[in-house]
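Peer 1: I need the structure of the sequence given here:
(chains A and B)
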There are 2 protein chains.
Amino acid sequence: MQSLHIVSSYDDELKQLSKHIAAMGGHAERMIEQAIAALVASDTDLARKVIEADLALDQGQREVDDKAILLIGKRQPMASDLREVIGVIRISADLERVGDLAKNIAKRVASVGDNLQLASLYRGLEAFAHLALTQLKEVLDVYASRSVETISFVRDRDDQIDAMYTSLFRELLTYMMENPRNISPCTHLLFCAKNIERIGDHATNIAETIYYITTGEQLPTERPKSDKTDQIVISAQ
Amino acid sequence: MQSLHIVSSYDDELKQLSKHIAAMGGHAERMIEQAIAALVASDTDLARKVIEADLALDQGQREVDDKAILLIGKRQPMASDLREVIGVIRISADLERVGDLAKNIAKRVASVGDNLQLASLYRGLEAFAHLALTQLKEVLDVYASRSVETISFVRDRDDQIDAMYTSLFRELLTYMMENPRNISPCTHLLFCAKNIERIGDHATNIAETIYYITTGEQLPTERPKSDKTDQIVISAQ
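Peer 2: Here you go, the predicted structure:
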């Protein structure tokens, strides 16, 4: 009975950690939604709420880390159990970074300002954020359900995210060239777009971690990258 | 004798992991140096070398991770020994990201092009990269020597890095406003500057990990951040 008790209690602790990750994931998702809503509506009050909300995610990561390390020390898990705990440490680090990126978008709301000329860009950014958010949500669903066999959707959406980022990047550069008044707000929007692209990257990292937890193997080294914005050159007339 | 043998062998394995981290650190430092040299000289051959060099860092991280997790499973370390191994996993992830950032600078070399008008910006970026590189080198020295009592230099240099990033950010925006031909290359230089700032952030992360390894405590949640570029608005005349 004793050993049964220990086993079930270990599973309980692991389940607690998974719940903690789910809560962090939900928190990060809300931060992204609200940061984009604040940007589109130029709502600095909402932006401030997002900035404040990041603290909870930082603390969440520290708690998860502390608990995970205590659990390793106390229970001495092996093989797949150990991978689960290491996975929790990795995923919480990715979610903490996602929160930082959403916070950074919120911090740029005031600098972008209320610029009606840029309305079509906002719609593009909103759609882009929606795509990255869907990537994150579905990856976290895979984590919750451990349905790792469905994980191939991640690569396809990675490609969509990269294509949309490239097109937004080009659009932002042309706006900047059309009117020097756009340079300052569009620079901040460039960084917002980059942040959204990186949120997609973190979602992919989490997918890779889930793959590792479940199979014990790591995905091949270099993920196929179609982000080519580093090679975009647009000449001014 | 058996237990003595196991202990010494555990220490050996840990020492091997530390050496692996030192090698990854040296590799990442060289990548940063060469990426900046390639940017300043518009040397696309050197840039290509940096891009290729990143693969070794990705593989290095995977090896370190695999070895660290095997070590935890095999040796079941407790307390400070466990923290050492978790620390190795974290530091190798930071160094892998530093390599990605150096690679991203190298990938922008061709897009920035050979633009004599921007020569003073290059000097600024070079000095900025030197500062971030010094931060990384000294943090890795602290890791090698475990002289954690000297770690307070990190915060001061963080402030210098943020101040220099802010000033480069402003300078880049004014170049873009002066001449629309500068918009495309300067956008890439903006991202190069951001990458260098993030290399400094990763150095700080590593410092925090070293603090954690040594003391078992985590540094206070929010590091004092003086990067205010997200609030820079420069109006066009």
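Peer 1: so what's A:Gly73 up against?
Peer 2: Applying Cβ atoms under 8 Å, 6 or more residues apart in numbering or on different chains, we find A:Gly73 in contact with B:78-79, B:82. The C-beta positions use only the backbone N, C-alpha and C, and glycine is treated the same way.
Peer 1: so in chain A, which helix runs the longest?
Peer 2: helix A:2-41 (DSSP state H).
Peer 1: surely A:Gly216 is in contact with A:Asp81?
Peer 2: No. Using Cβ atoms under 8 Å, A:Gly216 makes no contact with A:Asp81, being 11.6 Å away.
Peer 1: re the thing from before, now intersect the contacts of A:Gly73 with the strands, please.
Peer 2: Per DSSP state E, strands hold no members of these.
Peer 1: among the residues you listed, who's most crowded?
Peer 2: B:Leu82 (19 neighbours; other Cβ atoms under 10 Å in any protein chain shown).
Peer 1: got a pLDDT number for the closest residue to it other than its chain neighbours?
Peer 2: Nearest non-adjacent residue to B:Leu82, counting by Cβ to Cβ, 6 or more residues apart in numbering or on different chains: A:Gly73, 5.4 Å away. With respect to pLDDT, A:Gly73 scores 84.
Peer 1: return the distance of A:Gly73 relative to A:Asp81.
Peer 2: 14 Å (Cβ to Cβ, to the nearest Å).
Peer 1: before we move on, what about A:Arg123?
Peer 2: 46 Å.
Peer 1: now A:Leu57
Peer 2: 26 Å.
Peer 1: coming back round to it: tell me the mean pLDDT for the longest helix of chain A?
Peer 2: For helix A:2-41, the mean confidence score works out to 87.
Peer 1: so what's the residue positioned nearest the centre of chain A closest to, chain neighbours aside?
Peer 2: Note on chain A: the residue nearest the mean C-alpha position is A:Ile199, at 3.3 Å, using Cα atoms, centre = their mean. Leaving aside its sequence neighbours, A:Ile199 sits nearest to A:Ala132 (Cβ to Cβ, 6+ apart; 4.6 Å).
Peer 1: now do the contacts for the residue nearest to A:Thr150 when sequence neighbours are not counted.
Peer 2: In this structure, A:Thr150 finds its nearest non-sequential neighbour in A:Val142, 6.3 Å apart by Cβ to Cβ, 6+ apart. Contact analysis of A:Val142 by Cβ under 8 Å, 6+ apart lists A:148, A:150-151, A:207, A:210.
Peer 1: most neighbours out of those, which is it?
Peer 2: A:Ala207 (27 neighbours).
Peer 1: check contacts around that residue.
Peer 2: A:139, A:142, A:151, A:154.
Peer 1: tell me the phi and psi of the second one?
Peer 2: The one in question is A:Val142. A:Val142 adopts backbone torsions of phi -60, psi -40, taken as degrees, to the nearest 10.
Peer 1: how near is it to A:Arg90?
Peer 2: From A:Val142 to A:Arg90 the distance is 15 Å (Cβ to Cβ).
Peer 1: in three-state terms, label A:Gln218 for me.
Peer 2: coil (DSSP: H, G, I helix; E, B strand; the rest coil).
Peer 1: any idea of the pLDDT on it?
Peer 2: Per-residue pLDDT puts A:Gln218 at 71.
Peer 1: wouldn't it be in contact with A:Ile210 here?
Peer 2: No. If you go by Cβ under 8 Å, A:Gln218 and A:Ile210 don't touch, sitting 11.7 Å apart.
Peer 1: against A:Leu189, how distant is A:Ala119?
Peer 2: Where A:Leu189 is concerned, A:Ala119 sits at a distance of 12 Å (Cβ to Cβ).
Peer 1: between these two, which one's more packed in?
Peer 2: Legend: neighbour count by other Cβ under 10 Å for A:Ala119 and A:Leu189, higher for A:Leu189 (26 against 10).
Peer 1: so what's that one up against?
Peer 2: A:108, A:112, A:118, A:121, A:125, A:172.
Peer 1: out of the contacts of A:Val142, who's nearest B:Ile51?
Peer 2: The closest of the contacts of A:Val142 to B:Ile51 turns out to be A:Ala207 (Cβ to Cβ; 24.4 Å).
Peer 1: confidence score at the closest one?
Peer 2: For A:Ala207, pLDDT reads 94.
Peer 1: nearest residue to it in space, please, no chain neighbours.
Peer 2: A:Val154 (4.4 Å).
Peer 1: is any residue of stretch A:45-53 near chain B?
Peer 2: No. On the criterion Cβ under 8 Å from any Cβ of the partner chain, stretch A:45-53 is out of touch with chain B, staying 10.3 Å away.
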